[in-house]
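Peer 1: fold the following, please.
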Amino acid sequence: MGLPLKNIIVLNPSTLGGSIVYAVALLICAVFINRMLRLAVERALARGSRIHIDRTRVKFISQLAQITVYIVTFFVYARLIPALSNLGNAGLASVGVLSVVAGLAAQNTLGNLISGISLLLYRPFNVGDRLQVTAPTGLETGVIESLNLGYTILKTDDNRRVVVPNSIMAGETTINLTRDDPRVACSVALAISLETDIDQARAVLIQIAGNNPKVQKIDGCPVTRLDGSGFELSLCVWCADSGTAGAVKCELLEAVKRRFSTEGIALAPAQRMITAKN
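Peer 2: Sure thing, here's the model as predicted:
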């Protein structure tokens with residue numbers, strides 16, 4: 001007749017060897033479950049082009065689920081080991097205690113987690129959206145690369161990563177350049193000499209904008225400033241997004257310089273001009 005399971009020292013949770021075996025076994029199970037979760041998320045995101053999948057929500061919930069697996073594993077282990085049984089019973093039976101602990105910790109470590117859940121619920125932005133945020137370096141513009149449990153990571157146009165705590169993202173004002181309508185207005189203001197014909201200069205600017213394939217719409221070219229030495233024309237066009245708008249402005253300025261030289265249109269001397277009254 002075989003020995004009872006509790007008499008096998010290596011499997012007896014009351015012994016050091018048994019507690020180590022249980023710890024290793026439970027840890028392997030937790031790692032395996034989290035690996036399966038990651039694989040399931042990767043497969044779901046890979047099918048995102050064929051079916052509608054909220055990438056922001058899937059990634060955030062995946063991270064939260066993985067943390068939960070480790071927490072549950074710890075309390076199961078504490079319940080199995082006699083020396084930790086009181087801790088295990090208290091952890092599984094008392095939700096109120098955990099709520100108090102979470103409330104106290106929410107002021108610091110869990111504050112970012114709670115803010116991340118708030119961002120997930122209210123959805124001011126998604127992964128892949130283009131945002132403007134205020135950082136110690138000034139106004140930063142970039143694409144949301146990831147929204148994790150504690151931080152939001154913004155990838156800038158020059159390939160830097162701006163790491164913003166979720167509590168700041170939830171409490172500060174941000175500008176979403178992508179949500180609903182990602183188009184951005186691009187304005188090019190030029191001071192023209194007073195001797196130049198307004199209609200001629202305006203026609204040249206509109207023609208230049210119309211020849212640029214990145215310009216989606218021309219919104220006008222009014223006179224916006226005036227003084228004794230010249231007037232200012234502001235060419236306003238619409239572009240696909242903020243990244244395109246920056247490139248379009250540079251291209252328009254270069255084209256204007258070449259065309260003005262050909263047409264004999266002179267720019268006004270650099271000086272303070274009077275803004276026209278509405």
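Peer 1: stretch 134-142: end-to-end distance?
Peer 2: End-to-end distance for stretch 134-142: 11 Å, by CA to CA, to the nearest Å.
Peer 1: how about residues contacting it?
Peer 2: For stretch 134-142, the surrounding residues in contact (CB atoms under 8 Å, 6 or more residues apart in numbering) are 130-133, 154-157, 160, 162, 164, 172-173, 177, 242. Every residue, glycine included, has its C-beta placed from N, CA and C.
Peer 1: repeat that for 6 Å
Peer 2: Q132, V133, L154, K155, T156, V162 (CB atoms under 6 Å, 6 or more residues apart in numbering).
Peer 1: now stretch 211-230
Peer 2: 191-194, 202, 205-206, 209, 231-238, 244, 248, 268-269, 273-276.
Peer 1: only the buried residues of it, if you could.
Peer 2: N212, V215, I218, D219, C221, R225, G230 (16 or more other CB atoms under 10 Å).
Peer 1: out of the contacts of stretch 134-142, which are inside strands?
Peer 2: Q132, V133, L154, K155, T156, V162 (DSSP state E).
Peer 1: ok, so of those, who is nearest I28?
Peer 2: Ranked by distance to I28 (CB to CB), the ones in strands among the contacts of stretch 134-142 are led by K155 at 35.5 Å.
Peer 1: partner residues bridging the closest one?
Peer 2: Note on K155: beta-bridge partners by DSSP bridges are V143, R161.
Peer 1: what do you get for L131?
Peer 2: G142, N176.
Peer 1: just confirm it contacts T178, I think it does.
Peer 2: No: contact criterion CB atoms under 6 Å: L131 and T178 do not qualify, at 7.8 Å.
Peer 1: those two: which is more packed in?
Peer 2: Taking neighbours as other CB atoms under 10 Å, L131 and T178 compare with L131 leading, 23 against 16.
Peer 1: and the more buried one, how far is that from C250?
Peer 2: According to CB to CB, to the nearest Å, L131 stands 22 Å off from C250.
Peer 1: L190 now?
Peer 2: 14 Å.
Peer 1: tell me which helix or strand comes right after the helix or strand where L226 lies.
Peer 2: Using DSSP states H and E, L226 falls within strand 223-227. Next along the chain after strand 223-227, taking DSSP H and E as the criterion, comes strand 230-239.
Peer 1: and the next element down the chain from the strand or helix carrying A40?
Peer 2: Counting by DSSP H and E, the element that carries A40 is helix 16-46. Note on helix 16-46: by DSSP H and E, the next helix or strand toward the C-terminus is helix 55-80.
Peer 1: from the chain's centroid, how far away is that next one?
Peer 2: Relative to the centre of its chain, helix 55-80 is centred 24 Å away, using CA atoms, centre = their mean, to the nearest Å.
Peer 1: go on, stretch 15-29?
Peer 2: 40 Å.
Peer 1: same check, this time on stretch 178-196
Peer 2: With CA atoms, centre = their mean, you get 27 Å for stretch 178-196.
Peer 1: what mean pLDDT does it have?
Peer 2: Across stretch 178-196, the average pLDDT comes to 83.
Peer 1: stretch 132-149 now?
Peer 2: Stretch 132-149 shows a mean pLDDT of 84.
Peer 1: likewise for stretch 255-265?
Peer 2: The model assigns stretch 255-265 a mean pLDDT of 90.
Peer 1: buried set for that stretch?
Peer 2: A255, V256, F260, I265.
Peer 1: just checking, what packs against the helix holding A40?
Peer 2: With contacts taken as 3 or more CB pairs under 6 Å, 6 or more residues apart in numbering; DSSP states H and E, helix 16-46 sits against helix 55-80.
Peer 1: just want the angle from the helix it packs on to helix 16-46.
Peer 2: 170 degrees (axes from the mean of the first three to the mean of the last three CA atoms, to 10 degrees).
Peer 1: average pLDDT for helix 55-80, rounded please.
Peer 2: The model assigns helix 55-80 a mean pLDDT of 78.
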